[in-house]
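K.L.:
Make a model of this:
(4 chains)
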Number of protein chains: 2
Amino acid sequence: MTAPAPRRQPTLDEVAERAGVSRSAASRVINKAPHVSRATRDAVERAIKEMGYQPNRTARALATRQTGIVALAISHDDPQLFADPFFAQIIVGVSAALEDTDLHLLLCLASSSRGRSRLTNLLHTRGVDGLMLMALHGDDPLTRIVAQSGIPAVYGGRPLRGDPQWYVDSDNVGGARMATEHLAGLGRTRIATITGQMSTGVGEARYRGYREAMIIAGLKPHGIAEGDFTEAGGAAAMRALLLSHPDLDAVFSASDNMAAGALRALAEAGRSVPADVAVVGFDDLGIAERTVPALTTIHQPIQALGRETARLLITVLAGREATPLLLPTRLVRRGSA
Amino acid sequence: MTAPAPRRQPTLDEVAERAGVSRSAASRVINKAPHVSRATRDAVERAIKEMGYQPNRTARALATRQTGIVALAISHDDPQLFADPFFAQIIVGVSAALEDTDLHLLLCLASSSRGRSRLTNLLHTRGVDGLMLMALHGDDPLTRIVAQSGIPAVYGGRPLRGDPQWYVDSDNVGGARMATEHLAGLGRTRIATITGQMSTGVGEARYRGYREAMIIAGLKPHGIAEGDFTEAGGAAAMRALLLSHPDLDAVFSASDNMAAGALRALAEAGRSVPADVAVVGFDDLGIAERTVPALTTIHQPIQALGRETARLLITVLAGREATPLLLPTRLVRRGSA
DNA sequence: GAAGAAACTGGGAGCGCTTCCAGTCCTCGG
DNA sequence: CCGAGGACTGGAAGCGCTCCCAGTTTCTTC
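P.N.:
Numbering: from 1, shown residues only, chains lettered A, B, ... in the order given. A predicted model of the protein is given here:
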């Protein structure tokens, strides 16, 4: 069995003819343009209803130079990373924001080089009106390509390098500061940190928040280990910290995944949490509730991040004034600190 | 700050002029059509390279009546359901299959009525070449709309009503049968089942598999409770079963989520698993490894489901012969049975 | 009642590409 | 040396819509 020939849709010309007016007139009533008499409008609207007319998207796109499509590009080396619930939440947020516009969402997983070139092609061939970019790593070549294409782009999460004109981000610095302050407020003084990759925007920002809070609290960093946002990486980092700073009494981990690994490593080392070592994570993505003990962490409003990224892009596309946005994070107290 | 004016891309006419040939000739070399002399081809290719020409997607779409876009529509009442890792895996699979074509992926969350009408509109305005549909419930009005639109559609997971021309599905019946047989093979004879909503295709199919296996094993169903694929629903169903059939010695649950709830309810009732009651789930979606005891379950190849759904659509769009596909499931033995 | 403004109308030129078709140019067998 | 057939070529007609513009009608206003 092969595909059936699609049923032919009526065209604007046919509608106009049926309504006994010119194509221009019909176009005007469809686009709610001014200078249309009552009689014309009625006739056209009746014809439209009778024929079940719907304007052809492609033709309209060609004439207006607007496709009505925006892309969400997720650039990351590991395609499996997409399976992280993070992105599902982002997509839910983005979709919600697009729902009251007539924009549609194109999804680009630009992890492979093939995926990247497909995205580049999409930009150059004017396949989309705008772009949302997520999960870039430090020196992603995409930023340059995007900038050159001239297609409006909004970044979800500020990239490390290059200062994009438009972005929406969680307040990573503030969150990390809050986490560290919480630890210090608990009376802990030997506070270590497990960072994400310092080549990423988030990794760097959360580390910076930690540093700032330590300075304000009048404390010296007590152990810094770089992880990779994975559970295994967190465990390894924790072990390293335990070796280099055996007397640490608190850890701020730049992600819940890593914190989960750290908890495991701490348990293996016989340290009790939070009695011996207090732990604070970052993200609050489900896993934080399932660790033992449950993780005190910084909540990041992911769905809102998606929603606001899309909203910002909508604003930009509408030609309205738009400025970057920083979304607040908040501390969620559970058992680990 | 507002959007900058996009830099103008060269057009085919300009390329042709630069190469000193007609637009038709240039078009021919771009589309690798026959009847192009070596000299013409070289000239055009040089011009293309020099000018960085990329054919405009929209214009091409208008001329060929093909957009180069396919949509993945997820129709479900609950938008939050999308956060389920299931869909992320589907998307990864779909993207992988599309990656070696020049089709792009449009994502439609058609849960709200607004979302549904957006999708309908997309079909009628010829905004996409083809459609993949997932997570339909029984009498989804979408099936009719899709059929009427004449746009080729492939179903991921067979809908309950209506027998679509093309679909890809996991072998739910076979999997459920396998699960039940496993239980029977363990010597259990009083085997209950917790079903999903019987108004869904999966719910019905997995129940059918259970029934068939029971008949083959010469056993009588020993308790049937309808759940809703959630953990809470599974727990409630298990409690009901414990009340109606206190002597049951095994349970086949139509999803891991429900099985997790069932395990909880069994623990509360003081039954030990698998000693008193053996439990088998369905899906193998991560949660199965994290229950206590770990869940014996039927593994469903989700990523492959997405991939094959996309492949089938690609085949259909290419006008090639295509037939429905049933993906094999397999038993994964863990602690619960 | 005339002149000017405002409302309406349809023709037509695009948007950037594909594709049909009628020509032109070669090549080659008879 | 001629004609047939094939390989090329460019002109032109779309694809279905928007939008400018010149022309017509209607409404003001003094």
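K.L.:
Which residue is it, in the stretch 151-300 of chain A, that comes closest to DNA strand D?
P.N.:
A:Pro152 (18.3 Å; C-beta to the nearest atom of the strand). Every C-beta, even on glycine, is put in place using the N, C-alpha and C of the backbone.
K.L.:
gap between that residue and A:Ala318?
P.N.:
For A:Pro152, the distance to A:Ala318 (C-beta to C-beta, to the nearest Å) stands at 10 Å.
K.L.:
which of these two has more neighbours?
P.N.:
More crowded of A:Pro152 and A:Ala318, by other C-beta atoms under 10 Å in any protein chain shown: A:Pro152, with 25 against 12.
K.L.:
Next one: that one from DNA strand C, what distance?
P.N.:
For A:Pro152, the distance to DNA strand C equals 18 Å [C-beta to the nearest atom of the strand, to the nearest Å].
K.L.:
which non-adjacent residue is nearest A:Ala179?
P.N.:
A:Val280 (4.3 Å; C-beta to C-beta, 6 or more residues apart in numbering or on different chains).
K.L.:
Now do that neighbour: how many residues are near it, please.
P.N.:
32.
K.L.:
Same question for A:Val21.
P.N.:
For A:Val21, the neighbour count with other C-beta under 10 Å is 21.
K.L.:
what about it, distance to DNA strand D?
P.N.:
Computed as C-beta to the nearest atom of the strand, the A:Val21 to DNA strand D distance reads 11 Å.
K.L.:
so where's the stretch 151-300 of chain A uncertain?
P.N.:
Low-confidence segments of the stretch 151-300 of chain A (pLDDT under 70): A:160.
K.L.:
Apply 80 and report the result again.
P.N.:
Along the stretch 151-300 of chain A, the model assigns pLDDT under 80 to residues A:158-163, A:286.
K.L.:
Chain neighbours aside, what residue packs nearest to the residue of it found nearest DNA strand C?
P.N.:
Per C-beta to the nearest atom of the strand, A:Ile151 is where the stretch 151-300 of chain A lies closest to DNA strand C, at 14.7 Å. Distances taken as C-beta to C-beta, 6+ apart put A:Leu123 closest to A:Ile151, at 5.1 Å, once the chain neighbours are dropped.
K.L.:
Chain A: helices as residue ranges?
P.N.:
Applying DSSP state H to chain A gives helices spanning A:12-19, A:23-30, A:38-51, A:57-64, A:85-99, A:113-124, A:142-149, A:172-185, A:201-217, A:231-244, A:256-268, A:287-290, A:302-317.
K.L.:
Can you lay out those as CSV showing distance to A:Ile191 and mean neighbour count?
P.N.:
Output for these, formatted as CSV (distance: least, C-beta to C-beta, whole Å; neighbours: other C-beta atoms under 10 Å in any protein chain shown):
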stretch, distance to A:Ile191, mean neighbour count
helix A:12-19, 68, 18
helix A:23-30, 63, 18
helix A:38-51, 67, 15
helix A:57-64, 55, 19
helix A:85-99, 26, 22
helix A:113-124, 40, 18
helix A:142-149, 34, 17
helix A:172-185, 5, 23
helix A:201-217, 7, 20
helix A:231-244, 11, 21
helix A:256-268, 13, 23
helix A:287-290, 19, 16
helix A:302-317, 26, 23
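K.L.:
Please tabulate those helices in CSV and include distance to DNA strand C as additional columns.
P.N.:
Listed next are these as CSV, based on distance: least, C-beta to the nearest atom of the strand, whole Å:
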stretch, distance to DNA strand C
helix A:12-19, 8
helix A:23-30, 3
helix A:38-51, 4
helix A:57-64, 4
helix A:85-99, 25
helix A:113-124, 10
helix A:142-149, 15
helix A:172-185, 41
helix A:201-217, 36
helix A:231-244, 47
helix A:256-268, 46
helix A:287-290, 48
helix A:302-317, 18
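K.L.:
Out of those helices, flag the one nearest B:Leu186.
P.N.:
Nearest to B:Leu186, of all the helices of chain A, is helix A:287-290, at 29.9 Å by C-beta to C-beta.
K.L.:
which residues touch A:Asp276?
P.N.:
For A:Asp276, the contacting residues are A:Asp249, A:Leu266, by C-beta atoms under 8 Å, 6 or more residues apart in numbering or on different chains.
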